[in-house]
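[1] Fold the stuff below for me.
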Amino acid sequence: MKKSFDEIKNEPNQKPLVQLAEAKYGTPLPENIQKLIIEGYYRSSERVSDIDRWVKILQSITSNIVNEIAKDVEYPLFWIYLYGVVHEIEPDFEDHKTQIGLPSFLQAIYDSLKSILACFDTEEMGFIKFMRNKHVHVFLDYYWSRVKQKDGMIVSIKTPGEADAPEIAQRIIEGHGTQNEVAKSFAQRIHMILDELGSLVVEAQKPT
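    Now for the predicted structure:
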């Protein structure tokens, strides 16, 4: 049986979050915000465990690349797992922070994630997405125009928002020499921050 909001709100890891939410939305908290906190309570352990698994794999691959012992198969995985951190995990924390705030034990993880993002400029963030997509999709058609037809006639054309992605990727690769050299450059920037992030995620899973 699930706990009620009144049972959850005074637990050590939840009390700071409830206080942040009350500062933003008032007391008592609106019912929809209470539901968000209850949902987050039951999702948090699973989500932190998922992040732990993801970060540990990225840590291992990054270390191998930095130390020049990575196998060929690890380079595609580097882009896939780095994408997960910067384009999925960090935005998820950003959404949670915007909606109801973050308690201190999650704030530290969020700050570490932001430090990883700060290692890359806009084009490099796009490059990470491009390389990830290249290794998980057969066809890279997201930068082509999309045409909608009806009764044999073109009724709309949606132009791509990332039409220059392949050209930017090629320029970045040529600037480093090879795709693997780009991966090494990116890995060198983040490997120490990843170690910190990994420790924070482990700490967040300890019982209070």
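[2] going forward, measure contacts between C-alpha atoms and count neighbours the same way
    Fine.
[3] ranges for the helices of the protein?
    Listed in chain order, the helices of the chain (DSSP state H) span residues 5-8, 15-25, 31-66, 74-83, 90-100, 104-117, 122-136, 165-176, 179-204.
[4] what inclination does the longest one have with respect to helix 15-25?
    Using axes from the mean of the first three to the mean of the last three Cα atoms, to 10 degrees, the inter-axis angle of helix 31-66 relative to helix 15-25 is 120 degrees.
[5] Can you name every helix or strand that helix 31-66 contacts?
    Using 3 or more Cα pairs under 8 Å, 6 or more residues apart in numbering; DSSP states H and E as the contact criterion, the neighbours of helix 31-66 among helices and strands are helix 5-8, helix 74-83, helix 179-204.
[6] Which residues belonging to it are considered buried?
    Residues 33-34, 37-38, 41, 44, 48, 51-52, 54-66 are the ones in helix 31-66 that count as buried (16 or more other Cα atoms under 10 Å).
[7] cool, and stretch 104-115?
    Under the neighbour-count criterion of 16+ other Cα under 10 Å, stretch 104-115 has Leu106, Ala108, Ile109, Tyr110, Ser112, Leu113, Lys114 buried.
[8] Can you redo these as CSV, where the extra columns are pLDDT and distance to Glu181?
    Supplementary listing: those in CSV, determined by pLDDT from 0 to 100; distance: Cα to Cα, whole Å:
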residue, pLDDT, distance to Glu181
Leu106, 80, 33
Ala108, 89, 31
Ile109, 89, 28
Tyr110, 90, 28
Ser112, 95, 25
Leu113, 94, 23
Lys114, 95, 24
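[9] could those go into CSV alongside distance to Met1?
    Conversion of the buried residues of stretch 104-115 to CSV gives the following (distance: Cα to Cα, whole Å):
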residue, distance to Met1
Leu106, 26
Ala108, 31
Ile109, 30
Tyr110, 31
Ser112, 35
Leu113, 34
Lys114, 36
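[10] Output the below-cut-off pLDDT ranges for the protein.
    When the per-residue scores of the chain are filtered using pLDDT under 70, the ranges that remain are 43-46, 142-143, 159-161, 207-208.
[11] what does stretch 7-20 rub up against?
    Outside of stretch 7-20, the residues that reach it under the criterion Cα atoms under 8 Å, 6 or more residues apart in numbering are Ile37, Ile38, Tyr41, Ile100, Gly101, Leu102, Pro103, Ser104, Phe105, Thr208.
[12] Taking those, tell me the two that lie furthest apart.
    Pairwise distances across the contacts of stretch 7-20 (Cα to Cα) peak at 21.5 Å, for the pair Ile100 and Thr208.
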